[in-house]
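Chemist: turn this into a structure:
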Amino acid sequence: MEHATPSYLACEQRLTYALLMVSAGMMGAYTYTLRGGVFCNAQTANIVMMAIAFGQKNWLHGCYYLIPVSAYLMGSFLSELLPSPVKRLGFLRWDTYLIAFETAVLFLIGWIPLTVPHQIVQVLVNFIASMQYNTFRQAEGIPMATTFCTNHVRQVGVAAAKVLRKKDSAAAARGLLHAGMLACFLLGGTVLAAFCNTLGAKTIWVALIPMLTLLFRLVHADLTTEHDLLSRKPSGH
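Modeler: Prediction:
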């Protein structure tokens, strides 16, 4: 049976990005609430803390931040190298393998007691967040970050200005998409935070709900409707 060629791959569709934003909100809430009071989805805070430590001549403490920054760097490095050999396997897309890997890491994190140094979990989240950020780049042709909110907030403001000045309907649609992604991130963080007091370290398993949902969608597409499109690059790559 022949299938119509989709305009966008499953890994580019808006629902994919919405699920990623929900899980990212959960990861952020988890590491901040239970794993050391930090956000591991991006690295700006770590660079700032490193600078502050160096400025205060606390050299050893400052050098510690090289660990999470290096984990983030390694995540982007590997996620840039691995898609080509994975493509040659001809079974699943790199994007699908990555979601499977992320899901496994989140499951593993749930088994790590809260008494273990928080830096271990922080580095793990740094690593998978970087890989996700570098892999999922455009939602149906619109550049988008899936692990933090800064650009989404900016894009909502830009869209609002364009609508006000030019009555730009395309900008309005784009702004609503970014606002929707912000809402997904907020929803994820809110839901996970509600379980922290009862589930403890295993609260991160709540994030497996959007991740497994996404994994099922991607595997199904790779094995059926998009199997002949495994060599096609997602937008932005």
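
Chemist: what comes up buried for stretch 47-61?
Modeler: 49-50, 53 (16 or more other Cβ atoms under 10 Å). In short, each C-beta sits where N, CA and C put it, glycine included.

Chemist: next: stretch 14-30.
Modeler: 16-30.

Chemist: now do stretch 160-176
Modeler: 162-163, 171, 174-175.

Chemist: of all the buried residues of stretch 47-61, which comes closest to residue 74?
Modeler: residue 50 (17.1 Å; Cβ to Cβ).

Chemist: where does the closest one fall, secondary structure wise?
Modeler: Residue 50 belongs to helix 44-55 when assigned by DSSP states H and E.

Chemist: who's in contact with that helix?
Modeler: Taking contacts as Cβ atoms under 8 Å, 6 or more residues apart in numbering, the residues outside helix 44-55 that touch it are 38-39, 59, 61-63, 65-66, 68-69.

Chemist: again, only this time at 6 Å
Modeler: With Cβ atoms under 6 Å, 6 or more residues apart in numbering as the test, helix 44-55 has contacts from 61-62, 65, 68-69.

Chemist: report pLDDT for residue 38.
Modeler: Note for residue 38: predicted pLDDT of 86.

Chemist: now the one 5 residues further on
Modeler: Residue 43 is assigned 90 on the pLDDT scale.

Chemist: quick check: it vs residue 225, distance?
Modeler: 36 Å (Cβ to Cβ, to the nearest Å).

Chemist: okay, these two: which has more neighbours?
Modeler: When residue 43 and residue 225 are compared for neighbours, residue 43 comes out ahead with 20 against 16, by other Cβ atoms under 10 Å.
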